[in-house]
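Fold the following.
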Amino acid sequence: MKKVIGYKKEVTNEVEACYNNLMLNRNELQKVQSKLNHLIQNSHVAEKVKQRKGVTEELSKVVLDKPAISKPQALCQTNEKDAPLLGASLVTVPSSLTFISEHKTMYCSQCLAACFRQNGDLLVGTSDGLYVLRRGEDKLSVCSTKVKSVTSVVEHHQNVFILHRKDDISKVEMYSDKGFPYKSKELFQFHRISDVEAVMGVSDRYVVVTHPDIDEMIIYDFISQKIARDYCSLDGLQFLPDGCLLGVWQGILQKYKIKDEKLVEIWTCNNIKDGYSPCTDSDGLIYVTAKSSKKIYVVSSQDERVGSLLGVSLVTVPSSLTFISEHETTSSCLSACFRQNGDLLVGTVCGLNVLCKGKDKLSVCSTDVKSVTSVVEHHQNVFILHAAPDAWKVEMCLTSDTTKRKGLFQFPRTSNTAAVMAVSDRYVVIDNPRY
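Coordinates of the predicted model:
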């Protein structure tokens, strides 16, 4: 690998040039932004559609000369046969990783694998057999006890694939949808000498299984029905919709394609510490669980071309939420909302406070609203739900000035239970504690 000399200086110069270019066109860009804000805040849907074209045309007239910032592909250069080394950057990840429920396996057996089926059922591989959590039910039921130590279970199209072990033999079996879990076809088996679990991935053409005893990958081809082996050690693997394979090992995530019965690296993402098992969602995000630290790495592959960056972010599961800091209010804290600029709005019994980005103390934002039970920033507006002596009031203000507010509506207050609020592009919804 040959390092590129002077890249840092080159990028710094390009950033400065782009910044200066933007400053020269600052007035034109601010005019377009003002028109867009007015359109968002004050126009109906039909008017927004009508005026959008005009705003787009006006924005296109603002000429931003080169240079544009070059892609960070030049972070490293490799030989043509080598896989490119990818960098890491922060990406926006779903904030909805929520703990839903917990289900115990039977007879104190250890859970080793799990797979959601297309019908909504959850197949669970354990040390004592295969179990199923039916859709809508809250208890696991026995699916099959003929197979033990099920370390991988995968549904692919109309078939279910199971990797299990008996004594010193690991077997890969395939079940049709109609025959599951009683009629199976054995695809292949291999000899085992260690207690490390083998794992499996399935695509339209291949079944790939790790052989942890000898650091090999077993590749079964559905077309030729032959087995090939490639030297590679992976802790976890998952096939992507494009037929490529994700693999995790020794703190890195790699993407492979299978060519001539060998795994060929496409890209590599480092700093996946303690990474163990990958999976993907419908938006193309890659989730990698850590084996012992109770963390989930979220990886975004934004561009499939060679040299594109991967974004990496870290999400902690509920059992490992990390305490960051503590800030005292002068009265009871009732609500909070992060703003797009990084500030934190805090609703209290005595008014609205703000923790500005980079500061460690709260400051007063407004004292003419009391008992602020909800505060929400949406687009360029801040919505506040607060209590008056005999009513709940919902008010809206611009993000630039929270002191000038417009009352949207109010409703009678009949109890001391706090009302709460949510805001979308079209609606403001209030949970009225009276009901």
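
quick one: the strands in the stretch 151-300 of the chain?
Along the stretch 151-300 of the chain, the segments classed as strands by DSSP state E, counting those that start in this stretch run 159-166, 169-176, 184-191, 200-202, 206-211, 216-221, 226-231, 236-239, 245-249, 252-259, 262-269, 275-280, 285-290, 295-301.

May I see those arranged in CSV, with mean neighbour count and mean pLDDT as well?
No exception for glycine: its C-beta is placed from N, CA and C like everyone else's. Conversion of the strands of the stretch 151-300 of the chain to CSV gives the following (neighbours: other C-beta atoms under 10 Å; pLDDT from 0 to 100):
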stretch, mean neighbour count, mean pLDDT
strand 159-166, 21, 93
strand 169-176, 18, 92
strand 184-191, 14, 92
strand 200-202, 24, 94
strand 206-211, 23, 94
strand 216-221, 19, 94
strand 226-231, 14, 91
strand 236-239, 22, 91
strand 245-249, 23, 91
strand 252-259, 19, 90
strand 262-269, 18, 88
strand 275-280, 18, 85
strand 285-290, 20, 83
strand 295-301, 21, 76
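
how about these in a markdown table, adding distance to L112?
As requested, these are arranged in a markdown table below (distance: least, C-beta to C-beta, whole Å):
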| stretch | distance to L112 |
| --- | --- |
| strand 159-166 | 9 |
| strand 169-176 | 12 |
| strand 184-191 | 18 |
| strand 200-202 | 12 |
| strand 206-211 | 14 |
| strand 216-221 | 19 |
| strand 226-231 | 24 |
| strand 236-239 | 13 |
| strand 245-249 | 17 |
| strand 252-259 | 22 |
| strand 262-269 | 24 |
| strand 275-280 | 11 |
| strand 285-290 | 14 |
| strand 295-301 | 19 |
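
Do you know the pLDDT at K9?
Here the pLDDT value assigned to K9 is 45.

check contacts around the closest residue to K171 other than its chain neighbours.
Distances taken as C-beta to C-beta, 6 or more residues apart in numbering place Q189 nearest to K171, at 4.4 Å, with adjacent residues excluded. If you count contacts by C-beta atoms under 8 Å, 6 or more residues apart in numbering, Q189 has them with 169-172.

Among these, which one lies nearest to V382?
V172 (57.0 Å; C-beta to C-beta).

Could you save the contacts of Q189 as TSV and add columns showing distance to T268?
Formatted as TSV, the contacts of Q189 follow (distance: C-beta to C-beta, whole Å):
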residue	distance to T268
I169	34
S170	28
K171	32
V172	28
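
Of the residues you listed, which is the nearest to L263?
With C-beta to C-beta as the yardstick, the closest approach to L263 among those comes from V172, at 17.9 Å.

How about that closest one: what's its closest non-neighbour residue?
The nearest residue in space to V172 (C-beta to C-beta, 6+ apart) is L187, at 4.6 Å.

again with L237
Leaving out its chain neighbours, L237 is closest to G201 (C-beta to C-beta, 6+ apart), at 4.4 Å.

so that neighbour touches L240, yeah?
No: the pair G201 and L240 does not pass the contact test of C-beta atoms under 8 Å, sitting 9.6 Å apart.

quick one on the thing from earlier: tell me the spacing between the residue nearest to V172 and L355.
Distance of L187 to L355, given as C-beta to C-beta, to the nearest Å: 58 Å.
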